[in-house]
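Engineer: Any chance you can model this:
(one chain, ligands or ions: 1)
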Amino acid sequence: MIIEMKYWKKLTADERLARVQQALKDNVDFSKDANLGYPASRLDEKVFTNESLFLREMPVLSTYIANPNHIGCHTFGTSEYAFKGTQAIEREVLNMMAVDLFKIEEGQFDGYISPGGTEANAQALWIYRNEFLKKLGAKLEDIAILASEDTHYSIPKAANLLMIDWIKVPVDPDTREVSPKAVKDAVKSSLQQGKKYFIVVANMGTTMFGSVDDPKVFTDILHEYQLPFRMHIDGAYGGFVYPFGDFENQINFTNPDISSITIDAHKMLQAPYGTGIFVCRKGLIENVLTSEAKYVEGMDLTLCGSRSGANAVAVWVILTTYGPHKWFEKISVIKMRTNWLCKQLDQLGVIYFREPEMNIVTIRSECVPESLAHKYNLVPQTHDETNQWYKIVLMDHVEIEHLKDFIQDMVTCKRLNPS
Ligand SMILES: *Cc1c(COP(=O)(O)O)cnc(C)c1O
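Structural biologist: Residues are numbered from 1 along each chain as shown. Take a look at the predicted model:
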């Protein structure tokens, strides 16, 4: 992977601090300026003081205390003037994602930092549902969401809110792959149910398996049948892992069929909760304009209302602390640990699934004694007797040291219980 990036750059601690301090200066300062109209202020002074020098040198914490509100969308039209400094930082984060990582042309996207992947996914489905309703005269019952059975539950949640059906596409039980035949069958049965418009959600790393869907498996059939569709990529989990490999990632905006992407910063990037990133092509987000939002300067194009600008600053600080090369290195180390684990499991004859460029290893439940699953806090696919899988997620804190203990316990159990 050759990392040529225009926005995403590694900065020194001094550069980061100066940039964030400048952004805070460009915002209104509730502790100094006269601000009479906003139902907003800095964090409660009795509880959160910013007197200590220590805090002032921490860009993220000083932003928390200044408490900017990033309500609205800052890639489109005008925005709340009071917080323009930190809004610019949010735009930089979005540029790093949309332009640098996911290869959209400059200025050709909209987006925001949502409370999480759940909202970012709902935002996408909301946009496309409304587009079909308003522009193509669709009725709710004409629209189907097409996504694999391994898709995150935020999709059925959004389907429920938006009152559209989710057509679940089965996956191969071993490879977790969606086959062309499975998609074709799902499309055919949708058509029989009267569906005419399709919203595809392709996973860039499912939550349970880390499996990555090939977007073409869906789009080839939709093109063949000449059906109107939009496609969203759910990279909530995998967005900061999958693209960082020694291969050319094709799941990005160079594919004209991909209209939007969700990437959570509060998973692999270890940003604070409240940092789901949503980006979509220009010309789409207007479909969810709430024109009644008159007191917000600029247009309200997001599902949530008020949201913290400190979250944008936190993501910006993490990304510029690493820079793309260091992030690539970090992910490479994590993938090496995943390789190590898989090799040990192979030697033990344990059956598991692992997507090659991902850091999740999902083990058949019959291969893991329940006591060990409990001891190591492995997460089951379902919390009942039908469970078939346990997963190990190679997060930053999971080192070979811990994996070694798990493997040794597996060996011991196998010796006591040969089968
Ligand atoms: C975690 C996750 C989500 C939901 O994200 P939240 O940030 O928890 O709302 C959506 N999709 C996938 C694939 C996920 O892993």
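Engineer: make it CA atoms for all contacts and neighbour counts henceforth
Structural biologist: Fine.
Engineer: near the ligand, which residues of the protein?
Structural biologist: Proximity of the chain to the ligand is confined to 116-118, 152, 154, 205-207, 234, 236-237, 264, 276 under the rule Cα under 6 Å from any ligand atom.
Engineer: I'd like these as JSON lines, with neighbour count appended.
Structural biologist: Output for the residues of the chain next to the ligand, formatted as JSON lines (neighbours: other Cα atoms under 10 Å):
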{"residue": "116", "neighbour count": "21"}
{"residue": "117", "neighbour count": "28"}
{"residue": "118", "neighbour count": "20"}
{"residue": "152", "neighbour count": "22"}
{"residue": "154", "neighbour count": "15"}
{"residue": "205", "neighbour count": "28"}
{"residue": "206", "neighbour count": "24"}
{"residue": "207", "neighbour count": "20"}
{"residue": "234", "neighbour count": "30"}
{"residue": "236", "neighbour count": "29"}
{"residue": "237", "neighbour count": "25"}
{"residue": "264", "neighbour count": "29"}
{"residue": "276", "neighbour count": "25"}
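Engineer: Give me the contacts around the helix or strand containing residue 17.
Structural biologist: Secondary structure assignment for residue 17, by DSSP states H and E: helix 13-26. When contacts are defined by Cα atoms under 8 Å, 6 or more residues apart in numbering, helix 13-26 is touched by residues 57-59, 63, 66, 83-86, 88-89, 313, 317, 320-321.
Engineer: Give me the buried positions along that helix.
Structural biologist: By 16 or more other Cα atoms under 10 Å, the buried positions in helix 13-26 come out as 16, 17, 19, 20, 21, 23, 24, 26.
Engineer: which among these gets closest to residue 352?
Structural biologist: Of all those, the one sitting nearest residue 352 is residue 16; the distance, using Cα to Cα, is 42.4 Å.
Engineer: which stretches of the chain form strands?
Structural biologist: Remark: strands of the chain, listed N- to C-terminal, are 109-114, 143-148, 165-169, 197-203, 229-235, 258-264, 276-281, 352-353, 360-364, 379-380, 389-393; assignment by DSSP state E.
Engineer: Quick check: buried residues in the least confident helix or strand in the chain by mean pLDDT?
Structural biologist: Across the helices and strands of the chain, the lowest-confidence element by mean pLDDT, DSSP states H and E is helix 53-56, at a mean of 78. Under the neighbour-count criterion of 16+ other Cα under 10 Å, helix 53-56 has residue 56 buried.
Engineer: any idea how far that helix is from the chain center?
Structural biologist: Here helix 53-56 is found 32 Å from its chain centre; the criterion is Cα atoms, centre = their mean, to the nearest Å.
Engineer: got it, and stretch 196-208?
Structural biologist: The chain centroid and the centroid of stretch 196-208 are separated by 13 Å, computed with Cα atoms, centre = their mean.
Engineer: count of neighbours near residue 277?
Structural biologist: 30 (other Cα atoms under 10 Å).
Engineer: which intervals of the stretch 1-150 of the chain have sub-threshold pLDDT?
Structural biologist: Along the stretch 1-150 of the chain, the model assigns pLDDT under 70 to residues 1-3.
Engineer: Now do the helices in it.
Structural biologist: For the stretch 1-150 of the chain, the helices defined by DSSP state H, counting those that start in this stretch occupy 13-26, 53-56, 59-66, 84-95, 117-135.
Engineer: which residues are contacting the fourth one?
Structural biologist: So that's helix 84-95. Contacts to helix 84-95, defined as Cα under 8 Å, 6+ apart, come from residues 7-8, 20, 22-27, 68, 70, 74-75, 111-113, 277, 279, 309, 312-313, 315-316.
Engineer: Give me the neighbour count for residue 182.
Structural biologist: With other Cα under 10 Å as criterion, residue 182 counts 19.
Engineer: Next up, the contacts around residue 102.
Structural biologist: Residue 102 makes contact with 251, 252, 253, 254, according to Cα under 8 Å, 6+ apart.
Engineer: Tabulate the residues you listed (a markdown table), appending pLDDT.
Structural biologist: As requested, those are exported to a markdown table (pLDDT from 0 to 100):
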| residue | pLDDT |
| --- | --- |
| 251 | 98 |
| 252 | 98 |
| 253 | 98 |
| 254 | 98 |
